[in-house]
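Asks: Would you be able to build a 3D model of this:
(chains A, B and C)
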Amino acid sequence: MSLWSFANPAKFMKVTAPLVPALSGLSLLLLVIGLVWGFFFTPDDYRQGSTVKIFYLHVPAAMMAINAWGAMLLGSLIWLIRRHHVSALVAKAAAPVGVTMTLIALLTGAIWGQPMWGTWWAWDPRLTSFLILFLFYLGYMALWTAIDDPDTAADLTSILCLVGSVFAVLSRYAVNFWNQGLHQGASLSLDKEKNVADIFFYPVLVTMAGFVLLFLALVLVRTRTEIRLRRLHALQLRERMA
Amino acid sequence: MSALVLRDLALAFRSGGGFGLALAFFLIVTVLVPFGIGPESGRLALVAPGILWMGALLSCLLSLDRLFALDREDGTLELLATAPVPLEGVAAAKALAHWLTTGLPLTLAAPALGILLNLPAAGYWPIFVSLLIGTPALSLIGTFGAALTVGLKRGGLLLSLLVLPLYIPTLIFGAEVARRGAEGLAAGAALLLLGAITAGCLALAPLAAAAALRINMR
Amino acid sequence: MPDLGKYAFEVTAAYAGSFALLGAIVFASWSRSRKARRDLAAAEGRRRNG
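Replies: The predicted structure is shown next:
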């Protein structure tokens, strides 16, 4: 059995049916553990005070905002190369989740920035890049809703996703060139000696895992909905013909 | 392909609207700016390079939705698809024609409009060069956007939503060249990056546009 | 409730806003899924019963 057998919608529905409750339950558990741990049982930062608690939401949301676009890119590529409908629908399903994550990252960032930097918004490279990412999500979703024929929509949005990815990366570096920022460098990376203190790091790790699972659960639910709607559409067409 | 470019140019000149419209729009935007931010010459000089770039970018956007739409309506696009010229070539020719009718006139007009915005004398050459190098990228990306939305009845607004985010890197580097030039700073690095974007778009945008056209004509 | 100090409002607002957004996407996905499942079941039923 190969990975591609999941490209069969019926098989996909069968396999993912038990996955949805499992993933949602596990994600909820991890989110509760991570957020309770972070909110109640970690000390305040000596400079940021209690606002450090915002990071248990901000960092995972920002990470998923980018990963959701990655999932869309992967789904689009598989659709363009192998023509599996499920992968195009996964890409379609990931976009609204990704846009929500982007909004959470922007919102929590703005609320944190107000007391720390003294402003809700600054045209800092990271902030600007996220705003641009938000615009790319909007365009992608608008194109999906604008086209009636499902295969044409899948094709065109996939191409837009590919081109958009190139330009999103390009914008990231262009924005860096354009303005030096306020935002600190990456706070979590494996190859760096100076990371955030462990006491903040472990709860963030837990909420990150929770966000990943939440993303997977939401994308699965949405993909299953899309598959059902396709089937429903086909049945309705048949009824009208008869 | 040259026949295609000539045909598009002829159409743009004859129908009267297409050619002058972008220029007129550019002029109006420039005239409106002082009403919006006040007539003080110092302030105008400060924002002039950015406003000129924004104006050129929006004027470019204005004529994009007609790039393929008319040919699609009268069936020319289907003929072009079966012609011996590959669809990539058609897309490139369309982009070239679009640039010749909008990007090039805008580039030539920009220094003159700079006078209205009190652009410092040192800024004329940079705004001209940056637009000359940057506007082809705008036309090429726009061709891709127009190819994506050619099948839609009301694609105009969607086209802006799709194309404007793609314009961001070009705008950043283009406006940076113009601004640094006007302030007498070295603008070489930004100019090279702007050229790199245009060259990259020249290589890739016709491919993407042709792929989108093929899907839309299935 | 831990003492949030002078940033109590910011922290609470960030959590409330994030939960609201997460709740919105979860609810939207769930209600759409439920509607699709119901409609599809109805259509399959019609097909089977003629």
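Asks: Give me the residues contacting the helix or strand bottoming out on mean pLDDT in chain A.
Replies: Least confident helix or strand of chain A, by mean pLDDT, DSSP states H and E, is helix A:9-16 with a mean of 88. With contact meaning CB atoms under 8 Å, 6 or more residues apart in numbering or on different chains, helix A:9-16 is reached by A:5-6, A:85-86, A:220, A:223-224, A:227, A:230-231. (C-beta placed from N, C-alpha, C; glycine too.)
Asks: which residues sit in contact with A:Gly38?
Replies: A:53, A:56, A:200, A:203-204, A:207.
Asks: Is it in a helix, a strand, or coil?
Replies: helix (DSSP: H, G, I helix; E, B strand; the rest coil).
Asks: Could you tell me how far it is located from chain C?
Replies: 10 Å (CB to the nearest CB, to the nearest Å).
Asks: Go back to the contacts of A:Gly38 and keep what's next to chain B.
Replies: Applying CB under 8 Å from any CB of the partner chain to the contacts of A:Gly38, one finds that nothing falls near chain B.
Asks: Keep only those of the residues you listed that are in helices.
Replies: Members of the contacts of A:Gly38 lying in helices (criterion: DSSP state H): A:56, A:200, A:203-204, A:207.
Asks: interface residues of chain A facing chain B?
Replies: A:132, A:135-136, A:138-139, A:142-143, A:146-147, A:152, A:155-156, A:159-160, A:162-164, A:166-167, A:170-171, A:174-175, A:177-178.
Asks: Counting neighbours, which of these end up buried?
Replies: A:132, A:135-136, A:138-139, A:143, A:146-147, A:155-156, A:159-160, A:162-164, A:167, A:170-171, A:174-175, A:178 (16 or more other CB atoms under 10 Å in any protein chain shown).
Asks: just checking, B:Arg180 touches B:Ala186?
Replies: Yes: counting by CB atoms under 8 Å, B:Arg180 does reach B:Ala186; the two are 6.9 Å apart.
Asks: Do the longest helix along chain B and chain A come into contact?
Replies: Scanning chain B for the longest helix, with DSSP H as the assignment, gives helix B:188-216. Yes: applying CB under 8 Å from any CB, one finds helix B:188-216 touching chain A at B:190, B:193, B:197, B:204, B:208, B:211-212, B:215-216.
Asks: Which elements pack onto that helix?
Replies: Contacts defined by 3 or more CB pairs under 8 Å, 6 or more residues apart in numbering or on different chains; DSSP states H and E place helix B:188-216 against helix A:150-178, helix B:76-82, helix B:87-98, helix B:124-148, helix B:156-182.
Asks: Buried residues in the shortest one, which are they?
Replies: Put plainly, it is helix B:76-82. Buried-residue list, helix B:76-82, by 16+ other CB under 10 Å: B:77, B:80.
Asks: Against chain B, how distant is the nearest residue to A:Asn176 once chain neighbours are set aside?
Replies: Sequence neighbours aside, A:Pro125 is the residue nearest to A:Asn176 in space, at 4.8 Å (criterion: CB to CB, 6 or more residues apart in numbering or on different chains). From A:Pro125 across to chain B, the span is 11 Å (CB to the nearest CB).
Asks: ok now do B:Gly142, which residues does it touch?
Replies: Counted by CB under 8 Å, 6+ apart, B:Gly142 has contacts B:60-61, B:64, B:67, B:95, B:98, B:163.
Asks: tell me which parts of chain C are close to chain A?
Replies: So chain C meets chain A at C:2-8, C:10-11, C:13-15, C:17-18, C:21-22, C:24-26, C:28-30, C:32-33, C:36-37, C:39-40, C:43-44, C:46-47 (CB under 8 Å from any CB).
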